[in-house]
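Undergrad: what follows is a predicted structure for the sequence shown.
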Amino acid sequence: MLWSLPIWLNVGIFLWTIVLGLLYRFFTSHFDHWQKKGVVFEKGLPFFGSLYPSVTLQKPLMQHLDDLYKKYGSERFVGIFQGRRPALLVRDPQLIKHITVKDFGNFHDHGFRIDEEIDPIQGKNLFNLDGERWKEMRAKLTPTFTSGKIKTMTPMMQEVATTLQEHLSAVTKGSRLIEAKEVFARYSTDVISSCVFGIECNSINNPKNKMRTMGEKIAHVDFWRAIKIFTVINLPEIADRLKFVIMDSTVTAFFRNLVKNLIEARRKTGESRKDFIQLLIDLKDRRKQSNAESVSNRLTDDDLMAQTAVFFLAGFETSALTLSTICYELSRNLEIQNRAQSEIDFILAGSNGNLSHEALKEMKLRCSSGWILEALRKYPPAGNLMRVCTENYIIPNTEVLVEKGTMLLIPSYSLQNDPKYFPNPEIFDPERFWGENSKGKSQFVHLPFGEGPRHCIGQRFAFVQIKMALAIVLSKFRLTLNELTNQPLRFDPKTLISTPLGGIWLNIEERI
């Protein structure tokens, strides 16, 4: 019997029972939230809420949300729980339009509460900034992403693409086998290192260099990091108390030192280069000299570090995935690959083989833009968008009140692979996005770069970077699928950006 145990053990069991009861109450106290509102909802588990498979790294978040999307196929929105927090899974394009554009004032933040002092890369970057601070930073950075600024960076991209071409030529004389995601991750790392930081790291030929190593460290998610990310997003009060940091301290130190040394070197030598960090340095200096601007509104070195680091993170992995999935689909559809090569050959012939900014602009009609948009439809790098309700909001045509602080999840992967919006979604069909086919049909259901004022600021840069690599590869090489590639593609739950399990293995040979 329990009471025959030593008294100290009885007291311990009693206290632990109370603690566990309080914890259970804490983690489940809001689980009747959607029921009270009459909203269809997915039940939650203590601590994990409705997201147990993704938190425990059994499934990528986009796949688990897709399961819920399909389960509640007749609903405009579905109540879920992120940890103990009520959240809303939004399925209706018209409601997405309200959230991202028409009623943007009620949903202008991503909702990640991160301590800038202990995690400056995450806390200070444009993606995670909130409210007026986001608006001010966005206004400062927007001029650095104009077509004119990107045009000046195109020669830097071409240099890296030429190195990629030489590397692939060497492969055709050896194994004739590449893992596309890894090859393009190195290419993207080198492009962003050159265009953002003004440094040549040559990851294409030296995959163990520091920049590539940092990229791998940023992208990988082990179980402990998954718990920290989940807690920061879904249990911010606990994350604050435990001072959880998403970004590894070695990554923060690396980028802080890199940016600091680059700024000091350029000011000491007077060197100026048409890259992203120079644009930020010039912007910082202009702001510093402006007497009209308050001290709190000036750019610090950590602000610069955060913007360059997030641009590196957002740029190299997403572009690598898009390039590798395009090449995967072209290797499975040789007719489309042949047509793509003919179009690239025609454009290059008109520019004397030079991949100028003007030549790349021509690749936007019956050419690479369709391939890019279709690959992003079928294989979005993130798979969902997040917005937080910043003011109480009544969902249109309902009486449902969404309280301030409620997270809204938009399952872009599910929308983009829903036959209701994209017939035969499993088929890679670039013609969906060519000419009249695309006009107005995909808005608010095709969301790889987001929508509204918080759409991705680097979209133009990404398109030029991807087009450059496609032109270089397809103009010189023929790709076929290798049996090492798992089909259909499945994605690794242990990465921040969708990464194909087992890789994308392609046979490569020079075109005759």
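TA: Perfect, thanks for sending it.
Undergrad: so where's the stretch 1-150 of the chain uncertain?
TA: 1-5, 8-11, 14, 24 (pLDDT under 70).
Undergrad: give me that answer again for 90
TA: For the stretch 1-150 of the chain, applying pLDDT under 90 flags the ranges 1-30, 47-48, 55-57, 83-84, 111-125, 127-128, 140-147, 149.
Undergrad: backbone dihedrals for residue 250, please?
TA: Dihedral pair for residue 250: phi -70, psi -30, per degrees, to the nearest 10.
Undergrad: Three-state assignment for the nearest residue to it once chain neighbours are set aside, please.
TA: Using Cβ to Cβ, 6 or more residues apart in numbering and skipping residues adjacent in sequence, the residue nearest residue 250 is residue 217, 7.2 Å away. C-beta: built from backbone N, CA, C; applies to glycine. The assignment at residue 217 comes out as helix when based on DSSP: H, G, I helix; E, B strand; the rest coil.
Undergrad: my read is that residue 217 contacts residue 247, right?
TA: No: under the criterion of Cβ atoms under 8 Å, residue 217 makes no contact with residue 247, lying 9.3 Å away.
Undergrad: of the two, which one has the most company?
TA: residue 247 (24 against 13; other Cβ atoms under 10 Å).
Undergrad: figure out the helix or strand that residue 118 lives in.
TA: Here residue 118, judged by DSSP states H and E, is contained in no helix and no strand.
Undergrad: that one contacts residue 245, doesn't it?
TA: Yes: Residue 118 lies in contact with residue 245 (Cβ under 8 Å); the separation is 5.5 Å.
Undergrad: and these two? Which one has more around it.
TA: In this view residue 118 and residue 245 are compared by other Cβ under 10 Å, and residue 245 has more residues nearby, 20 against 14.
Undergrad: any idea how far the more buried one lies from residue 211?
TA: Separation of residue 245 from residue 211 (Cβ to Cβ, to the nearest Å): 21 Å.
Undergrad: for residue 237, same thing?
TA: According to Cβ to Cβ, residue 237 and residue 211 sit 36 Å apart.
Undergrad: more neighbours: those two, which one.
TA: Using other Cβ under 10 Å, the more surrounded residue of residue 237 and residue 211 is residue 211, with 21 against 12.
Undergrad: now name the helix or strand holding that one.
TA: Here residue 211 is assigned to helix 210-219, by DSSP H and E.
Undergrad: average model confidence for the very next helix or strand once past that helix?
TA: Using DSSP H and E, the next helix or strand after helix 210-219 towards the C-terminus is helix 223-234. Helix 223-234 shows a mean pLDDT of 78.
Undergrad: and the contacts of helix 223-234?
TA: By Cβ atoms under 8 Å, 6 or more residues apart in numbering, the residues outside helix 223-234 that reach it are 49, 51, 55-57, 82-85, 111-114, 221, 238-239, 242, 244-246, 407, 494.
Undergrad: how much space separates the residue nearest the centre of the chain from residue 318?
TA: Among the residues of the chain, the one closest to the centroid is residue 382, at 4.8 Å (Cα atoms, centre = their mean). As judged by Cβ to Cβ, residue 382 and residue 318 stand 8 Å apart.
Undergrad: which neighbours do the two have in common?
TA: In contact with both residue 382 and residue 318: residue 497, using Cβ under 8 Å, 6+ apart.
Undergrad: show me which of the contacts of helix 223-234 are buried.
TA: 49, 51, 55, 57, 82-85, 111-112, 114, 221, 239, 244-246, 407, 494 (16 or more other Cβ atoms under 10 Å).
Undergrad: take the residues you listed and keep only those in helices.
TA: Among these, the ones falling in helices (DSSP state H) are 55, 239.
Undergrad: any idea of the pLDDT on residue 198?
TA: pLDDT at residue 198 comes out at 88.
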